[in-house]
Structure formats: structure tokens, C-alpha cells
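K.L.:
coords below, sequence missing:
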């Protein structure tokens, strides 16, 4: 069984999920409504007749990509008849497939990217089939051609329009107090690059001349110089004969003779050998 704290936490979570679901499902229709045509009421008057209120579904469609300055931009003005047949704009006579239906209008742009002068809009269409008298009047989709001069945002607002059949005005329509439909045009940065069409200047090209060096042969002459002995100078030599015989490097002044060392060494070796034999013999006799 849930405690009071657990029930409270469960109630809070349920409320949060309910609010989140309402927000998600409430935003999607709002976004869709912004992209869909809106209802705009116009007062339309046939030639020689009385004025009638027509709730058209209208939309000004701007390009999906942001236009740039000095580029031609076409905004489409789409006018659809209301779904209620009693409120529709009706044809006053038969319109044959060979007839031409023309829609003409005027729009007013505002904003720095576009000039403020009124801009015309027009379209011509030929019915694919015969339109009987009293049937819904065909309305061609008009194109509005503008040319931005700078970057920024501009507003295009539609005004009155008229419908002609074979050159004769059938209806003249003007917006109600709320005015006609409008659209915002965003003009981006121009990416156009200037191209020079002048005559190119030819710059002479100097071709360097490569000189091939002539190799120089170097001959090295080695001269052997043999020294010429000079006159031999004969100097008188004095000879001294030793009194005690020739100085052969041994005896006398060089100290004791080496043979004495050899004799002493040999005697020590013999004594060591004799001592060893004597000790060996004693060991054998004891054993």
C-alpha cells in the first residue's frame, strides 16, 4: 500500500507528463497553422452588382532560400475559394476552355531591402474544362516580382485585386479592415563577384639566355728539386785512444757482472730440490 509521500510523488509525475504531452501536441498544430494558408476576408463586387464578403484562404509564398541583393525574387500569391459553396465567388457566365482568366493586383513592400513603390502582380490561366455559370470562379495564382537592393528584412502586403475574363472585368475585390495577407522577405548577403571585361594588358616575357661555361684545363707541373750538396767542409777530427782498452759497454764502470746472478739463482734451485727430496725420504721412512 502506498504511503502519503509516495502518492504525492506519483501525482506530481503524472501532472508533469500530462503538461508535457499537452505542450508537445499543442505546439505542432500551431506550427502547422503558420505554414498553412490563412483566412482573409475580401469585399468583392461584380460589375453592375452588389458587394459580397468572401472569406478567401490566402497565402504569400516566399522562396525557401534567402535571396540576395540585386537578385530577382518571385513571391507567389495563392488565393483559394472558401470550402462553403454559399460563400464562394461564382462565375457570372460560362467560361469556355478557350477563354483566358486574368488576375491582377497591387502589393506594397516596406523595409530597407525593397523600394516602397507599389509592385504589380498578375497571372493568366486557361480553364482545363468549361466552367458553368454559378460555379466557383477560377482564380489564377499571381506572381509578385521584386528586386532587393540591400540586405535586411522586408514586408510584402497584398492589397486589392481584380478578375478578368477575356479582357472584361468580372470582379473587383478589396481587403477588409484587417487588410490583405502579408509575408516577410529576408534578404541575405550577396555572394556575387565582379568580373572585369577590360582588355588585358600583355606583359612581355623575357627569356633568359643561359651561357654554357667553357671548362678550363689546368695542368700542374711538379718539379723535383734535388739539392746539390755544397762543397764538403773537411774539419780536422781528434781521436782519443783510451788508456785502459776499448769501451765495450761491459765491466768496470757498469757494476757487478750478470753471471753472478745466474749462479746464485741456480744454487737456490738446486738447494730447493735437494731439500724436497730429503723431506720426501723422511716421510717414507716414518710411514
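P.N.:
Sure, I can see it. Quick caveat, the model's predicted, so the values are computed rather than measured.
K.L.:
in the protein, which spans are helices?
P.N.:
Assigned by DSSP state H, the chain shows helices spanning 4-35, 259-286.
K.L.:
which of the ones you listed comes out lowest on mean pLDDT?
P.N.:
Lowest mean pLDDT of the helices of the chain: helix 4-35, a mean of 41.
K.L.:
where does the stretch 51-200 of the chain dip in pLDDT?
P.N.:
Residues of the stretch 51-200 of the chain that meet the criterion pLDDT under 70 lie in 190-200.
K.L.:
tell me where it has strands.
P.N.:
52-61, 73-80, 101-110, 119-125, 142-146, 152-165, 168-175, 182-187 (DSSP state E, counting those that start in this stretch).
K.L.:
tabulate those (a markdown table), appending distance to residue 39.
P.N.:
Where C-beta positions appear, they are placed from N, C-alpha and C, glycine not excepted. Shown next, in a markdown table, are the strands of the stretch 51-200 of the chain (distance: least, CB to CB, whole Å):
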| stretch | distance to residue 39 |
| --- | --- |
| strand 52-61 | 5 |
| strand 73-80 | 10 |
| strand 101-110 | 18 |
| strand 119-125 | 20 |
| strand 142-146 | 18 |
| strand 152-165 | 14 |
| strand 168-175 | 12 |
| strand 182-187 | 14 |
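K.L.:
nearest to residue 259, of the ones you listed?
P.N.:
Across the strands of the stretch 51-200 of the chain, the minimum distance to residue 259, taken as CB to CB, is reached by strand 182-187, at 127.9 Å.
K.L.:
give the other helices and strands that the closest one contacts.
P.N.:
strand 52-61, strand 73-80, strand 152-165 (3 or more CB pairs under 8 Å, 6 or more residues apart in numbering; DSSP states H and E).
K.L.:
nearest to residue 266, of these?
P.N.:
Of the helices and strands packed on strand 182-187, the one closest to residue 266 (CB to CB) turns out to be strand 152-165, at 128.4 Å.
K.L.:
check which helices and strands the closest one sits against.
P.N.:
Against strand 152-165 (3+ CB pairs under 8 Å, 6+ apart) you get strand 52-61, strand 73-80, strand 101-110, strand 119-125, strand 142-146, strand 168-175, strand 182-187.
K.L.:
just the buried positions in it, please.
P.N.:
154, 156, 158, 160-165 (16 or more other CB atoms under 10 Å).
K.L.:
wait, residue 160 touches residue 176, no?
P.N.:
No: taking contacts as CB atoms under 8 Å, residue 160 lies outside contact range of residue 176: 11.2 Å.
K.L.:
and residue 131, which of the helices and strands packed on strand 152-165 is closest to it?
P.N.:
Of all the helices and strands packed on strand 152-165, strand 101-110 comes closest under CB to CB, at 8.7 Å.
K.L.:
neighbouring strands for that closest one, and are they parallel or not?
P.N.:
strand 119-125 (antiparallel), strand 152-165 (antiparallel) (DSSP bridges).
K.L.:
format those as TSV; extra columns: distance to residue 50.
P.N.:
Output for those, formatted as TSV (distance: least, CB to CB, whole Å):
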stretch	distance to residue 50
strand 119-125	26
strand 152-165	16
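K.L.:
select, out of the ones you listed, the one closest to residue 269.
P.N.:
That would be strand 152-165 among those, by CB to CB, at 125.9 Å.
K.L.:
what angle do the closest one and strand 168-175 make?
P.N.:
Interaxial angle of strand 152-165 relative to strand 168-175 (axes from the mean of the first three to the mean of the last three CA atoms, to 10 degrees): 140 degrees.
K.L.:
from here on, call the first residue 45.
P.N.:
OK, 45 is where the count begins now, so the last one is strand 196-209.
K.L.:
contacts only, for residue 177.
P.N.:
134-138 (CB atoms under 8 Å, 6 or more residues apart in numbering).
K.L.:
what pLDDT is listed against residue 294?
P.N.:
Reported pLDDT for residue 294: 48.
K.L.:
cool, the one 5 residues further on as well?
P.N.:
Looking at residue 299, its pLDDT stands at 54.
K.L.:
close enough to count as contact, residue 96 and residue 87?
P.N.:
Yes: in this structure residue 96 lies within contact range of residue 87 using CB under 8 Å: 7.3 Å.
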